[in-house]
Structures are given as C-alpha cells and as structure tokens.
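[1] coordinates for the following, if possible.
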Amino acid sequence: MRELLSLCSLQPRHTVEQSIAAVQFLGADEAADILGRQRCRSLVVSRLTPYRNHAAVERVLSLLEPRAARIRHMHAVLEDNLARVGALAAKHGVTVLAFKGLGARKVYAEPHFRDFGDLDLYVADRTQAALLARALREEDGYTVNPGEVPWLKYDARARLLYGQINLLAPAATDDLINVDVHFGDYSVRHSSRLGLDRSLSFPDSAGLHTMDIEHSLASGVNNAAGDHFVTVKDTNDLLCVLSLERVDWALFRGLLESAGLTHFFGFVVEKLRACSILTPRQEEVLTAAGVPTSGLEPAPRLDRPDWGRRCWATTVHAFSAARPRGLGPAVCTAVDAYRYYREPLRLTVDTNPGAAEPLERFDMATCVRLVPLDLARELPGGRHLDRPGPHVLRRTALRTDRGVVRRDTEAGTFIDMDGEPFVATVSYRIPGAMLGGTRDARRDD
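    Below is the predicted model:
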C-alpha cells in the first residue's frame, strides 16, 4: 500500500517502478480508486504517463485522466476566476480570504500539481457571506449545491454565528469554478470550532486576499479530521510548509490544541512519513513542532475513508470537547454525535401526516441545514403547492444578527436570511407540511 501511495507524494519514498508493481498486485481498478482518493491526480498522471506501455498503468490512466483533465482546465482558468471573485467582493464591500487549497498552492514549487475541487473562501461574518453568495448567484449564475446545502451553527458564549454556503458554477460554462464560502469560524467535527475568529487578521481593503499559511494549514488539517481521512494531498501541503523559512508553528499548534486536533495531526504526520522522504531540515522542523503519539481516536485507513472509524473518532472528540463541563454533558454530547454520524444522511421529504421537526436547539452541536424552498419542492414527495402552508406561531430575529429571522410553525422552522426563506432541518427529513402553500412563505405571518 505504501508503495502505491508514494506515487502521490512530492518527495516519494519509493520508486515509480515499485509503485507500478503495487498497481499490478492490487489490480488497476482498485489502485486507481485508491489513488483517486488521495486527490493528487495531476501528479500521478504526470508520473505514470511515461510508463503507459504497461497494461495496468494504461488502465489506471484511463480512469484518472478525465478528472485530471478537468483539474488542468481549472488551473488554466483559476486566475480569471479569482479576479472575478475579487472584483465582485470589492464591488460589494466584502473582504475575502482565499484559504485551504488556494492558500496551500502558494507554497508549492509547481502549483499545477496541487489539485483542488473548488474555491474555498473565508469571510468574517454571515452578512459578508450572504452578500458575496448573493452576488455570485445573481450576477454570475451560481446556484446552491443540492448535495451540500448551507448550514449554520451558533456559539452562545461567544455570540458567534458561523457556517458555510456551497455554490455550484452554472452548468452552461466550463470556465467557472464551484465556490465554498465559509464564515464566522470553521466548524470542527460535531461540536467544536477552530477559533479563526480569535487570531485571524483581515486586510483593511475589500476584495480577495490570501489567508496566512498557519491558519490555512490548520484549516486543511481540520477538513481532513472532519472526514477522518488523510489524503496524500494533505501530507504534500504539510511537506511544502515544512520547507518554508518562516512559519509560526506555535500559532499553528495553538489552533489545533484549542480545537482538540493535535492527535489527529499525528495521523497526518504518520501518513506523511509512510509515503514521503523528508529532508533533514524538514525532519528538524517537524520534530520541533511536536507531534502527539497517543489518544483514543482510531487511526484512519491509509487507502480510503471509513464511515465507522469516522463515527467513532467524532464521538470520542465530542466527548473530550465537552468533558470540561462535566461527565454528564460529555456523555450526552458523545451520544448526540454518535446518533448523528452513525450513518450517512440525505435530504428527504417526510410525507407522513403530522410529521414535524421543530428546531429545538441552536448551538455548536446542532448543524442547522438551510434548504431552499424550490430545492426542497424538487425532492420526491416535495410537491405540496396545493396544500395550505403552515401557520407561523412565533417570529424571532437572532440577537447577534438581525438579518437572520427564525419562524416557528407547528410543522417545523423556517430560517430567513436577509429575507430569503429556507426550511431548517437537522435530521435531513423535511416535513411535507413545510412545503405547502401558494402564498409567499416569507409573508404568511
């Protein structure tokens, strides 16, 4: 396995010939699946192309090249996309930080080998995120991603609203790239957050800027922890940062410690050493940064994500994060995490009479998904336009953000963001009664 994964590393531990032997041992289809999950297709295709006279290599290339070609095109149009986002942000007075992959590629000697899937953008608050998302939707034709609808969480102690708005580029063009707008902070697994709001500085001017490498790398580690899977793309990012002259490792470490991610970072380092040869200088820097070697989390698989391990790791993390509040809260939070993560969730409409999902909690352990009404009505069973809409019992604006209005009904909860209505769901099961009514859902109260 390590010989195969080495093919994805910027500083491979094994030769290409040893990697090809691993391809032949595993079978081309299995090897291509594993390699694709490492998110390093551009590098792998470049390495294997001179060896395509091997039947197994040719098969692997045929499976990886279509996505690699799309990634090459994304690299070709990336600067135009960033300029477009920057112009929109400046026009609407929004200060945006490009981060994660967009931050990591800056430290690659050959940025075209750093694969990415979308434009990860970070803004200070929900208002700025909504402004940018609305501009992208109305001026460039972006749409809400039905596979990852917007979500909100709330830290009552810090009075902080944070979340994410994932947007798909219009299908009519290949030249625009999907956008993922993060705001307020970056959620960590079930019930924690990274703390970007506590230490991150924003430039004074509106427009597009790049997040510093310490916060960007910590965000990348957090993203991997959410999946409980370390890709070789993640380890390559770390490898490049280890080569930089100046990195505030204390800041990076502090972010991970406050979020309870230091043990997971140990898994990142383990995979790095499994696939890559570090220079003496990189080893020295990594040792000085400090890597934990013990913890209760199960180790991620090397080859692919594992849902059971993800559920267990998330449950353990939730327990640890809540333990300072007492054993009872820790157990309750862990049970809550297990129930939520024990199996994948998908949006459905509950057509049973009397189905209801009131929003009972709004906190760091409750991920409130916001489903646009038109999207919900396209789901099976979602056509309820001929039925009366639910009666609004209570209307409340969020104290820390008056642009977010909660409308509770007998069937569930609507969340309005700057006047745009969404159905709120935690379970991913939308009560059919929430989708009724021909009158405007914003004005029925």
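
[2] going forward, measure contacts between C-alpha atoms and count neighbours the same way
    Noted.

[3] show the contacting residues for Gly117.
    71, 178 (CA atoms under 8 Å, 6 or more residues apart in numbering).

[4] for the chain, longest helix please?
    Counting residues, the longest helix found in the chain (DSSP state H) is helix 55-91.

[5] for that helix, buried residues please.
    The neighbour-count check on helix 55-91 (16 or more other CA atoms under 10 Å) flags 56-61, 63-65, 68, 71-72, 74-75, 78, 81-82, 84-90 as buried.

[6] how far does the helix or strand that it is followed by sit from its chain's centre?
    Under the assignment DSSP states H and E, the closest C-terminal helix or strand after helix 55-91 is strand 95-98. Here strand 95-98 is found 16 Å from its chain centre; the criterion is CA atoms, centre = their mean, to the nearest Å.

[7] pretty sure Thr366 sits against Val426.
    Yes - using CA atoms under 8 Å, Thr366 is in contact with Val426, at 7.1 Å.

[8] quick one: the strands in the stretch 101-250 of the chain, in order.
    119-123, 143-144, 151-155, 160-168, 179-183, 187-188, 192-193, 207-210 (DSSP state E, counting those that start in this stretch).

[9] so the residue in the chain sticking out farthest from the centre, which of the three states?
    The outermost residue of the chain, judged against the average C-alpha position, is Asn53 (37.9 Å), by CA atoms, centre = their mean. Assigned state for Asn53: coil (three-state reduction, DSSP: H, G, I helix; E, B strand; the rest coil).

[10] how about Met364?
    With three-state DSSP as the basis, Met364 sits in coil.

[11] now it: how far from Leu239?
    32 Å (CA to CA, to the nearest Å).

[12] higher neighbour count, the two?
    Neighbour count, other CA atoms under 10 Å: between Met364 and Leu239, Leu239 has more, with 26 against 22.

[13] which residues touch that one?
    272, 278, 282.

[14] now Val85: how far from Ile213?
    21 Å.

[15] whoops, Gly36 was the one
    Separation of Gly36 from Ile213 (CA to CA) stands at 26 Å.

[16] which residues in the stretch 151-300 of the chain form helices?
    Along the stretch 151-300 of the chain, counting by DSSP state H, counting those that start in this stretch, helices occupy 196-199, 213-227, 232-242, 249-259, 262-275, 280-289.

[17] need the winner for burial among those.
    helix 232-242 (a mean of 23; mean count of other CA atoms under 10 Å).

[18] what mean pLDDT does it have?
    On average, the pLDDT along helix 232-242 is 97.

[19] okay, now the unreliable bits of the stretch 151-300 of the chain?
    By pLDDT under 70, the low-scoring segments of the stretch 151-300 of the chain are 293-294.

[20] contacting residues for Phe414?
    By CA under 8 Å, 6+ apart, the contact set of Phe414 is 406-408, 421-424.

[21] buried stuff in the helix or strand encompassing it?
    Per DSSP H and E, Phe414 falls inside strand 413-417. Residues 413-417 are the ones in strand 413-417 that count as buried (16+ other CA under 10 Å).

[22] equivalent analysis for stretch 41-50, please.
    Buried residues in stretch 41-50 (16+ other CA under 10 Å): 41-45, 48.

[23] over to stretch 99-112?
    By neighbour count with 16+ other CA under 10 Å, stretch 99-112 contains the buried residues 99-105, 107-108, 112.

[24] and Arg126, which of the helices of the stretch 151-300 of the chain is closest to it?
    Nearest to Arg126 among the helices of the stretch 151-300 of the chain is helix 196-199; the distance by CA to CA comes to 12.7 Å.

[25] not counting its own residues, what contacts that closest one?
    The contact list for helix 196-199, computed with CA under 8 Å, 6+ apart, reads 124, 184-186, 215, 255.

[26] quick one: that helix to chain centroid distance?
    Centroid separation for helix 196-199 versus its chain: 18 Å, with CA atoms, centre = their mean.

[27] same thing with stretch 246-255?
    Relative to the chain's own centre, stretch 246-255 is displaced by 22 Å; criterion: CA atoms, centre = their mean.

[28] also stretch 298-306?
    Relative to its parent chain, stretch 298-306 has a centroid offset of 18 Å by CA atoms, centre = their mean.

[29] numbering from 29 from now on, please.
    All right, first residue 29 from here; so that's stretch 326-334.

[30] ok, residues contacting that stretch?
    Here stretch 326-334 has contacts from 29, 62, 65, 255-258, 295, 299, 337-338, 340-341, using CA under 8 Å, 6+ apart.

[31] I am finished for the moment; much appreciated.
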